[in-house]
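Chemist: Need the 3D shape of this:
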Amino acid sequence: MTPEEIESAVTADMPRAVDELSRLVAIPSIAFPGHPAEAVHAAAAMTEELLRGTGLPHVRQIPVEGSFPAVFAEAPAPPGAPTVLLYAHYDVQPPGDLALWRTPPFEPTVIDGQLFGRGAADDKSGLMCHLLALRAFRGRFPVGVKVLIEGQEEYAGERLEAFVEANPELVRADAIIVADTGNPKVGEASVTTSLRGMAAFTIEVRTLEQNLHSGTFGGAAPDSLAALIRMLASLHDENGDVRVPGLPRGIFLGSGPSEEELRATAGVLDGVSLVGSGTPADRLWSSYAITVTGLDVPTVSGAVNAVQASARARITLRVPPGGDPGTASADVVEHLRRAAPWGVRVSVTDHVQGSGFLADSGGSARAALDRAMKRSFGHAPRDIGGGGSIPLVATLVKQFPAAEILLIGAEDEGASIHAPNERVDLEELRRVATAEALFLADYGTV
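Modeler: Residues are numbered from 1 along each chain as shown. Purely as a prediction, here's the structure:
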């Protein structure tokens, strides 16, 4: 197929793709404990159905121990052609506070060329990029194709890592497209060349056998919540930099957003400062970051006059690409234990972690992707970092050191992933899908 034919095929397929993406977004495929498993399995079934419609001859669901099924598809490579693995995930984050959504999270709504709904960007748009790119070839693929769509990336992606480690030949490829990132702005072509790793744990503080009346005991009985607040406050200095020993600030060697752009994208309120030091790219992509992502304490509406016997917090740590998540997590835990006042009892549970990623300088696959994105977007892509983590990437690097791993996607920094009012720009979806299809055609001739 010529580049013009590929572009026309993707464009013509967009109305169908928008309808399919809407159907996918309507499925609340939240693979977190406490949410209905039936919806996750329904999303897996629809993913399998959609992949069967691409012309791939082999499509099936694959059980993953302790997790939801992955959906796998493949087509053999033409003689002499390389093989490309395409990755995305069909599970989504919980919607959070429904009152903050302008449209219901699982009632997909198109407004001004943007599709709103939980998972519309992260990462059901990644699946749609693969579908659009593959369907452009009508079953006659220029390269060998393998597709791996994960079912529990948002909660416990390390389970798929174990599966890949045990079954490396199933997903072995010369190049790997991970469609779970995006561009800083809509229309600004980029390739993510670094990812921070992550670690997370739950910390609990206990001080009393049971809650006590604050009028009778307040001022003498040790309050677990007050102790936990003191411990959490010790993680950062007055400027907002991490002050845990062993976790220094890093430097990103490429370009990144300005402080003004970051403020606008993040929706920082007037008069509120950004935190930390160094450039925004240093802080977002190359430095450690510690976030309290959850607290188990009495709600304001349910508050009673009591000294709290226990309090818990969920801590998430982002780790620079060269850092070790296990060591960093241990450093944070040790710091919190040292900061614990009054001899309180501290326990730490529910550890998870994933390594970061730093791409090589590039090879034939990256060169083909650069050409494809230049044609689709009108300019060559630039390298950017990613502050988030994709657990599978580090495993793919370890298992296939010779493979080129390329991170792209239809998300952008205004897509509100993991937040209320998530959305994907449909023109961005078309551009990225077109670039992926052009890449497959170009790479097949290398």
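Chemist: C-alpha only now, for contacts and for neighbours.
Modeler: OK.
Chemist: My understanding was that residue 90 contacts residue 44; is that so?
Modeler: Yes: using CA atoms under 8 Å, residue 90 makes contact with residue 44 at a distance of 7.1 Å.
Chemist: Tell me the secondary structure of residue 146, please.
Modeler: Three-state assignment for residue 146 (DSSP: H, G, I helix; E, B strand; the rest coil): strand.
Chemist: and it, how many neighbours?
Modeler: Per other CA atoms under 10 Å, the neighbour tally for residue 146 reads 24.
Chemist: Also residue 196?
Modeler: Residue crowding around residue 196 was assessed by other CA under 10 Å; the count is 29.
Chemist: Ignoring the adjacent residues along the chain, who's closest to residue 350?
Modeler: residue 201 (5.3 Å; CA to CA, 6 or more residues apart in numbering).
Chemist: between residue 90 and residue 44, who's got more neighbours?
Modeler: Using other CA under 10 Å as the criterion, residue 90 and residue 44 rank with residue 90 on top: 31 against 26.
Chemist: Backbone dihedrals for that one, please?
Modeler: Backbone geometry at residue 90, expressed as degrees, to the nearest 10, gives phi -100, psi -10.
Chemist: dump the residue contacts of it.
Modeler: 29, 43, 44, 47, 123, 124, 127, 149, 150, 151, 152 (CA atoms under 8 Å, 6 or more residues apart in numbering).
Chemist: Residues contacting stretch 340-350, please?
Modeler: Contacts with stretch 340-350, where a contact means CA under 8 Å, 6+ apart, come from 200-207, 222, 224, 227-228, 230-231, 333, 337.
Chemist: will you turn the contacts of residue 90 into CSV that also has secondary structure, pLDDT and distance to residue 237?
Modeler: Conversion of the contacts of residue 90 to CSV gives the following (DSSP: H, G, I helix; E, B strand; the rest coil; pLDDT from 0 to 100; distance: CA to CA, whole Å):
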residue, secondary structure, pLDDT, distance to residue 237
29, coil, 98, 39
43, helix, 98, 44
44, helix, 98, 45
47, helix, 98, 46
123, coil, 96, 35
124, helix, 98, 38
127, helix, 98, 41
149, strand, 97, 41
150, strand, 96, 38
151, coil, 95, 38
152, coil, 93, 35
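Chemist: Quick check, pLDDT for residue 230.
Modeler: For residue 230, the pLDDT comes out at 98.
Chemist: again, but for residue 361
Modeler: 69.
Chemist: Regarding residue 128, what is its secondary structure?
Modeler: Under three-state DSSP, residue 128 falls in the helix class.
Chemist: contacting residues around it?
Modeler: If you count contacts by CA under 8 Å, 6+ apart, residue 128 has them with 17, 21, 433.
Chemist: which one of those residues has the most neighbours?
Modeler: Most neighbours among the contacts of residue 128, by other CA under 10 Å: residue 433, with 32 neighbours.
Chemist: So that one belongs to a helix, correct?
Modeler: Yes: according to three-state DSSP, residue 433 belongs to a helix.
Chemist: can you pull the contacts of it?
Modeler: 10, 128, 129, 130, 132, 133.
Chemist: Can I get the contacts of residue 128 in JSON lines including pLDDT?
Modeler: Formatted as JSON lines, the contacts of residue 128 follow (pLDDT from 0 to 100):
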{"residue": "17", "pLDDT": "98"}
{"residue": "21", "pLDDT": "98"}
{"residue": "433", "pLDDT": "98"}
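Chemist: from the residues you listed, which is closest to residue 255?
Modeler: residue 433 (25.1 Å; CA to CA).
Chemist: Give the closest residue to the closest one in space, chain neighbours not counted.
Modeler: residue 129 is the one closest to residue 433 (CA to CA, 6+ apart), at 4.4 Å.
Chemist: Can you give me the neighbour number for that neighbour?
Modeler: Residue 129, neighbours per other CA under 10 Å, totals 27.
Chemist: Now residue 354. Its backbone dihedrals?
Modeler: Here is the backbone geometry of residue 354 (degrees, to the nearest 10): phi -150, psi 140.
Chemist: my bad, should have said residue 70
Modeler: Phi and psi for residue 70, reported as degrees, to the nearest 10, are phi -90, psi 150.
Chemist: what residues are up against the closest residue to it other than its chain neighbours?
Modeler: Among residues not flanking residue 70 along the chain, residue 150 sits closest, at 4.7 Å (CA to CA, 6+ apart). Shown in contact with residue 150 (CA under 8 Å, 6+ apart): 69, 70, 71, 87, 88, 89, 90, 91, 160.
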